[in-house]
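Trainee: Predicted model and sequence follow; I will ask about them next.
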Amino acid sequence: MSAGNVQKLCETTREKLKPAIERMETFLNEYALSQLVAESDEETVHFYKGFLSDLRHLLVFSEVSFEKLGIVLRRANFDADFAEKALYHVYHHAVNNFFYPKSESYSEDGRYAYTGQDAIRFRVKPVRAARDIIMDITKVYEDLRDDLTYYESDYLTERRMQSQRSLA
């Protein structure tokens, strides 16, 4: 990928991450476990503990990616290799953490992706605020996944091939 295309992709990726970060930060600052758990049964408490933990991890991964992209874009000389590595980390840390949360409080059901319905399915029916935060940021991470699919496997394959060529 040309350096100009990589730079543009870094810019758009950073722009897309910003509102998702702001939304997650606002949610996590406003809601505590006790506010989300209406019923005190063990399953509900476990669900929201995992949900909040996953959201905090996603926020951290997204913020780190946002900062790395900022560093990439502020450098006097654009470093395409460093930029591609930063984009790789956005895909593998932020995007994958959104679609595959550790606690599995929600998941993507691909059968709904093409029907116009929400593809995100929750393990337990969440309160409105918890549902809304995930639905609000889903589009951002779907767009990032589409934009950065190259970094799912091709980036590493290209790096391995380059290292093999340099060894030969």
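Mentor: Cool, got the structure.

Trainee: got the contact list for stretch 19-26?
Mentor: Residues outside stretch 19-26 that contact it (C-beta atoms under 8 Å, 6 or more residues apart in numbering): 55, 58-59, 62-63, 66, 133, 136-137, 140-141. Where you see a C-beta, it was placed from the backbone N, CA and C, and this is true even at glycine.

Trainee: which one of those is nearest Ala32?
Mentor: Set against Ala32, the nearest of the contacts of stretch 19-26 by C-beta to C-beta is Leu55 (12.4 Å).

Trainee: burial count for that closest one?
Mentor: 24 (other C-beta atoms under 10 Å).

Trainee: cool, and Asp81?
Mentor: Residues near Asp81, counting by other C-beta under 10 Å: 11.

Trainee: if I look at it, how far off is Val72?
Mentor: For Asp81, the distance to Val72 equals 10 Å [C-beta to C-beta, to the nearest Å].

Trainee: Cross the contacts of stretch 19-26 against helices and list the overlap.
Mentor: Counting by DSSP state H, those place 55, 58-59, 62-63, 66, 133, 136-137, 140-141 in helices.

Trainee: Touching, Lys18 and Phe66? I think so.
Mentor: Yes - the criterion here is C-beta atoms under 8 Å, and Lys18 meets it with Phe66 at 6.7 Å.

Trainee: Between these two, point out the one with more neighbours.
Mentor: Per other C-beta under 10 Å, whichever of Lys18 and Phe66 has more neighbours is Phe66, with 20 against 12.

Trainee: What separation do you get for Leu144 and Leu87?
Mentor: As judged by C-beta to C-beta, Leu144 and Leu87 stand 10 Å apart.

Trainee: Please enumerate the shared neighbours of those two.
Mentor: Common neighbours of Leu144 and Leu87 (C-beta under 8 Å, 6+ apart) are Thr13.
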